[in-house]
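**Q** Kindly generate the corresponding structure for this input.
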Amino acid sequence: MRKTCPRRLYAAMIVAGVAAAVLSIAVPFSGCSSGKPSYPSTEKRPLTDEYHGVKVVDNYRWLDDLADPEVRRWNDAQNLLTRSILDGIPARPRLYERLKAIVGDSSSSYFDLVHRSRLFAMKQQPPKDQPFIVTLASPDETASEKILVDPNQIDTKGTTAIDFYVPSLDGRLLAVCMSKDGSEDGSVYIFDVETGKQLADIVPRVQYPTGGGSIAWKGDASGFYYTRYPQGTERPKEDLNFYQQVYYHKLGTPLSEDMYVIGKDFPRIAEIRLATSDDGKYLLVTVANGDGGEFAHYLLDPSGKWIQITQFSDEVTVASFGNDGRLYLLSHKKAPRGKILAVPLLRPDLSSAREIVPESDGAIESFLPTTHCLYVNDMVGGPSQIRLFDLQGTSKGIIPSPPLASVGSLVGLGKDEILYGQETYLLPFAFYRYDPATGTSRKTSLVSASSVNYDDCEAIRELASSKDGTKVPVNIIRKKGTALDGKNPTILYGYGGYGINEVPSFSRSRRVWLDHGGIYVTANLRGGGEFGEEWHKAGRLTTKQNVFDDFAACARYLIERKYTSPEKLAIEGGSNGGLLMGASLTQHPELYRAVVSHVGIYDMLRVELFPNGAFNVTEFGSVKDPEQFRALYAYSPYHRVKDGTMYPAVLMLTGDNDGRVDPANSRKMIARLQAATGSSLPILLRTSSSSGHGIGTALTERIAQSADVYAFLFDQLGVQ
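**A** Numbering: from 1, shown residues only. This is a model prediction of the structure:
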């Protein structure tokens, strides 16, 4: 789903997070599927729905409610089967131990940096289960680090996570949103930065997976604006995770005195982000119309007057305060790759906006105005770059970066210096400091390191031709000299949705594939934003099938060029990428030996009935619209399963506390596949009781999940 998470969205966390940590191990092939598994009995209880004259039978809707004891017993039986098979793979214990070892060998990493008189950062320090918040005097002085809020001390089980944090403008106070068990159902707590002490103020229901959450401090730090979901009986039960609004809390006062600010006229599926200007005089409210990419922006000026700057139809996706009395806007109006406009805060009239940076070949992903400079982060098909301009729009060049690099995470350090993050498929993430006065960049102390390196490997970028002739980039990571004989075990990863970009990322786990003759491939599919908004729109609503066609074309490309073969090809994805996995295995089961799908969406006719599914209507469409229904029904994985088909091996992973994609999707899809498959290859469901969609999952659970995935793929692809 499209909600934000640290550094990158969940799509990247699935494969490149700590799943990330296996080095080469010689493991034997055991063959967990010598015979068709004996699956738990699953009764068919047909229900029939009618959509625009089409009758659709659903045999497994009774699996929707995990609170039903019968469904829980069924789910537990599936977990027992999965554990018996995965734990029986000889490679699994060694993979698990190596994962723990490689995580322990990894250095700490920093992300979500904010500069407020001092530097704030989230820090992941293995083997701690959860990232925590620190301050530093500078990015070059890690010895100055001070821990502010550590959820690992708050909850020794490792199941409490930080959703987001916001320092006050003067850096004295810190608002921290935390939730448990991967639920992303967060409350906000306030801490004194100097003493580390927690204040008495606690604000509930600021964050939820449906609309996310946000906070913006008042200039004098006497209180803060926050996103608020309905409380108590304010709305019917089915609406409690909708109708997000903005309220104001004054420190030291009871919640009953919190004041409504704005939002009563926003859509039911509004997703709100808040920001204050550096002087604290203006409040900016960004409202997303669900997950489809439409945004509106509102400004509260010092006099208390509200001004609507943009509407959903204006195609302005990002607004940001400058230091020069202007508001900078990223517009896609007649510029699908993006252009940057500026309007004065005193007269924020979009009709008289001045164009600062015109549309170019790169798709603008983000930007950062400083005192005299404007930094623009462009997507160039997947890899990215940072361009530099003055505030009048005069180009000052491009900040050098390695080939096939992702650059971003722009953080201002005051005046014009910035920090930016950079990584490649072969080089780990690090923050660099750029000084426009000298035109030079240098690596800071905020780096990620481990004993894993890729000096003997290469990353290459090639193009596959999709069904309609569209050229789709495939990014291939392999050992130098790898023979193209069709015998290489290969993982093909994809996402393709919400305008989310699949960018180069460093992963320690890829060594296991490369050291055992494997190849790892990511695809830049339509539906993402790698080539701008047209690329996104070509893979959403009634054009969603393009995403699946692109992915199949990438698989065929790898097979035709002898990188691999269907017997050696595995595919992996999660969330919207889980939908991609479901569509791929039902549309082209002959292309793949194994499928790993995390927290996926499979029943596209009922997904909008779940809370977060309603937010996805602007991306996927609705069955209420006849044309959109036909498109959804045509590719809905759950409805495209055919009895007797020789399906590949499947491992689906989900979490009990997933508020973004209801785990019922995975239960129903597994039940349907187990009943239908004509092959003896295993169809397995793994449900975690201590996680949700992936964000906030404890490190120990992520290691366990990773060990299961790698064991499954080693076994199915015959990795020696």
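
**Q** Which parts of this protein are helices?
**A** 10-16, 69-86, 91-105, 151-154, 510-514, 533-537, 545-560, 576-587, 611-615, 617-620, 626-635, 637-640, 664-676, 699-717 (DSSP state H).

**Q** tally of neighbours for the closest residue to Ser680 other than its chain neighbours?
**A** Distance criterion C-beta to C-beta, 6 or more residues apart in numbering; nearest residue to Ser680, sequence neighbours excluded, is Lys36 at 4.0 Å. Every residue, glycine included, has its C-beta placed from N, CA and C. Other residues within reach of Lys36, judged by other C-beta atoms under 10 Å, total 14.

**Q** if we can go back for a sec, closest to Tyr420 out of the helices of the chain?
**A** The closest of the helices of the chain to Tyr420 is helix 10-16. By C-beta to C-beta, the value is 17.6 Å.

**Q** pLDDT averaged over the closest one - what is it?
**A** On average, the pLDDT along helix 10-16 is 36.

**Q** try stretch 280-290
**A** 97.

**Q** Quick check: buried residues in it?
**A** Gly280, Tyr282, Leu283, Leu284, Val285, Thr286, Val287, Ala288, Asn289, Gly290 (16 or more other C-beta atoms under 10 Å).

**Q** Off-centre distance for it?
**A** In terms of C-alpha atoms, centre = their mean, to the nearest Å, the centre of stretch 280-290 is set 22 Å apart from its chain centre.

**Q** Same question for stretch 270-287.
**A** With C-alpha atoms, centre = their mean as the basis, the mean position of stretch 270-287 lies at 23 Å from the chain mean.

**Q** picking that back up, quick check, nearest of the buried residues of stretch 280-290 to Ser331?
**A** Thr286 (13.8 Å).

**Q** can you count the residues close to the residue lying closest to the closest one once chain neighbours are set aside?
**A** Distance criterion C-beta to C-beta, 6+ apart; nearest residue to Thr286, sequence neighbours excluded, is Arg273 at 4.3 Å. When neighbours are counted by other C-beta under 10 Å, Arg273 registers 21.

**Q** dump the residue contacts of Arg273.
**A** Residues near Arg273 by C-beta atoms under 8 Å, 6 or more residues apart in numbering: Gly212, Ser214, Val285, Thr286, Ala288.

**Q** where does the stretch 1-150 of the chain have low pLDDT?
**A** In the predicted model of the stretch 1-150 of the chain, residues 1-34 satisfy pLDDT under 70.

**Q** how about the strands of it, start to end?
**A** 47-51, 54-58, 109-115, 119-124, 132-136, 146-149 (DSSP state E, counting those that start in this stretch).

**Q** coming back round to it: quickly note the distance from the residue nearest to Thr286 to Ala216.
**A** 9 Å (C-beta to C-beta, to the nearest Å).

**Q** Likewise for Pro611?
**A** 25 Å.

**Q** which of the two has more neighbours?
**A** Counted by other C-beta under 10 Å, Pro611 and Ala216 do not tie: Ala216 has more neighbours, with 23 against 20.

**Q** leaving aside the residues next to it on the chain, what's closest to the more buried one?
**A** Using C-beta to C-beta, 6+ apart, the nearest residue to Ala216 is Leu274, at 3.7 Å.

**Q** give the contact list for the one you found.
**A** Here Leu274 is in contact with Ser214, Ile215, Ala216, Tyr225, Tyr226, Thr227, Val246, Leu283, Leu284, Val285, Thr286 (C-beta under 8 Å, 6+ apart).

**Q** Number of residues surrounding the residue lying closest to Ser38 once chain neighbours are set aside?
**A** Distances taken as C-beta to C-beta, 6+ apart place Leu81 nearest to Ser38, at 7.8 Å, with adjacent residues excluded. Residues lying near Leu81 (other C-beta under 10 Å) number 20.

**Q** wait, Leu81 sits on Leu684?
**A** Yes. With contact defined as C-beta atoms under 8 Å, Leu81 counts as touching Leu684 (7.0 Å).

**Q** So for those two, which residues contact both of them?
**A** Joint contacts of Leu81 and Leu684 (C-beta under 8 Å, 6+ apart) are Pro37.

**Q** how is the chain carved up into domains?
**A** Domains of the chain are assigned by automatic domain parsing as 25-102+457-494+517-717, 365-449.

**Q** where does the chain have low pLDDT?
**A** 1-34.
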